[in-house]
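Asks: Pasting the sequence and the predicted coordinates here, then a few questions.
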Amino acid sequence: MADLQDDIPGTTEVGEDGGLPDEPLRLRPAGDLLERARALLAAHPVADGYSGLPWALRHLPGHDLQLGEAAVDTDVPRLRAGHVGALFWSLHLPEGPAGERPVAATLEQLDLVRSVVEAHPEGLRLVRTAGQVIDARNRGRIAVLPGPAHGAALDGSLAVLRVLHALGVRVLSLADTAWAGASGLTRFGEEVVREMNRLGVLADVTGASAATVRRTLALSKTPVLCTRSAARALRPHPANLPDDLLAALGGAKGLCMVPLTAEQTGPAVPDVADHLDHVRDVAGPECVGLSGTYDSGAAHPRELADASRYPHLIAELLGRGWSETELALLTWGNVQRVLRGADFAARAAQHRRKAPAPPVTDLDVL
């Protein structure tokens, strides 16, 4: 595995925000930045917004994530080397026949998530709440949160949403559904968002239309996520957000989780850092996070090939003058804030709102 000196020239200029307390401006060795990055991540680990591991493991019998598994990008040793303390395991639907049976395919992936976590009790722990994430970290385990699941898995039923939540789903993607299209949320789509708020399920608007993003931000009482969105001003990928939506997301205290993929952010660590700089500047430091997007089939920047490489990205940001407070929010604090916000809003909503079950035909003309 390449050392940071292979990725960054021998010295990096940083200011007071990137140096040690009271340290004057000077040239810092790149290796020193890497050590500082590892020390910071030991205190503020990464909460990774998107992992495609469940689907990747379907075709990998006999895997051992505890000892290490070369056939995937993510295993316990690499998660620990990358200082990953929590990650969301995607339940997204694949192309092909499985995508035509969305409820069954989602339940099968949920079943796989449970079996994989149960098979690795020394490394992984299945969690639901912000408090359980902290408890898993305190016990030396990596917290696994199921989601995002695809909105098509609801099959037009709020009852299915409640069942998925009961099984542990914490995030639901709204894009590419019949009730969240180019013109925004339908009446049923609005009921989905309200019920997600009541349950504590977070809305993911990655890839959704601008109208859907804006209506979801206006309607949701809990923070809204973009689990895989970078800055469209820097790279015109359809899943990346333009500045007006980044600003709206920041104004609503949502969270834009920048993916570590070459297609969306660029081929090298500095390209990813450029997107993080931009999202921080437009949406605010409390509204930017990280999304490894490992095991999703995407190509990654050269120096970020697997889940062990997060220290190299943090070292780059230290060299750019990111403060420890900003980095602590980026890696861990912002995800904890969003999870706590969803938990709090759900408890409040459950006192005011009973579980509705209106059929789709009562709300929409299909």
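Replies: On my side now, so go ahead. Note that this is a predicted model, so its numbers are computed, not measured.
Asks: looking at this structure, which helix or strand is least sure?
Replies: Ranked by mean pLDDT, DSSP states H and E, the weakest helix or strand in the chain is helix 4-7, scoring a mean of 36.
Asks: Run through the helices of the stretch 51-200 of the chain in chain order.
Replies: Counting by DSSP state H, counting those that start in this stretch, one finds helices in the stretch 51-200 of the chain at the ranges 53-57, 76-81, 102-119, 130-138, 158-166, 187-199.
Asks: Give the full set of residues in contact with the residue nearest to Thr261 when sequence neighbours are not counted.
Replies: Using CB to CB, 6 or more residues apart in numbering and skipping residues adjacent in sequence, the residue nearest Thr261 is Ala298, 4.2 Å away. Just so you know, the C-beta spots here come from the backbone N, C-alpha and C atoms, and that holds for glycine as well. When contacts are counted by CB atoms under 8 Å, 6 or more residues apart in numbering, Ala298 touches Pro259, Thr261, Ala262, Glu263.
Asks: is it possible to export the residues you listed to a markdown table including neighbour count and secondary structure?
Replies: Below are the contacts of Ala298 laid out as a markdown table (neighbours: other CB atoms under 10 Å; DSSP: H, G, I helix; E, B strand; the rest coil):
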| residue | neighbour count | secondary structure |
| --- | --- | --- |
| Pro259 | 29 | strand |
| Thr261 | 25 | coil |
| Ala262 | 18 | helix |
| Glu263 | 16 | helix |
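Asks: Tell me which two of the residues you listed sit farthest apart.
Replies: In these, two members sit farther apart than any others by CB to CB. They are Pro259 and Ala262, at 9.8 Å.
Asks: what's near enough to touch the residue lying closest to Glu69 once chain neighbours are set aside?
Replies: Nearest residue to Glu69 in three dimensions, chain neighbours excluded: Asp75, at 4.5 Å (CB to CB, 6+ apart). Going by CB under 8 Å, 6+ apart, Asp75 touches Leu65, Gln66, Leu67, Gly68, Glu69, Ala307.
Asks: Quick check: phi and psi at the residue lying closest to the first one once chain neighbours are set aside.
Replies: Looking back up the chat, that one is Leu65. Computed as CB to CB, 6+ apart, the closest residue to Leu65 that is not its neighbour in sequence is Asp75, at 4.4 Å. With angles defined as degrees, to the nearest 10, Asp75 sits at phi -150, psi 170.
Asks: Likewise for Leu255?
Replies: Backbone torsions of Leu255, given as degrees, to the nearest 10, read phi -140, psi 120.
Asks: Quick check, it in contact with Gln336.
Replies: No. Using CB atoms under 8 Å, Leu255 makes no contact with Gln336, being 10.7 Å away.
Asks: Settle it for me: which of those two has more neighbours?
Replies: For the pair Leu255 and Gln336, the greater number of neighbours falls to Leu255 (28 against 16), based on other CB atoms under 10 Å.
Asks: check contacts around that one.
Replies: The contact partners of Leu255, taken as CB under 8 Å, 6+ apart, are Pro223, Val224, Leu225, Cys226, Leu249, Cys287, Val288, Gly289, Asn334, Val335, Val338.
Asks: one more time with 10 Å, if that's ok
Replies: Leu255 is in contact with 49, 202, 204, 223-227, 229, 249, 279, 283, 286-289, 291, 334-335, 337-338, 341, counting by CB atoms under 10 Å, 6 or more residues apart in numbering.
Asks: show me the contacts for Leu107.
Replies: Each residue near Leu107 by CB under 10 Å, 6+ apart is listed here: Leu91, Arg101, Ala149, Ala153, Val160, Val163, Leu164, Leu167.
Asks: ok, back up a step: out of the contacts of Ala298, the closest to Glu122 would be?
Replies: Nearest member of the contacts of Ala298 to Glu122, counting by CB to CB, is Pro259, at 29.1 Å.
Asks: Quickly list what's touching both of Pro259 and Ala262.
Replies: Residues touching both Pro259 and Ala262 (CB under 10 Å, 6+ apart) are Val272, Ala298, His300.
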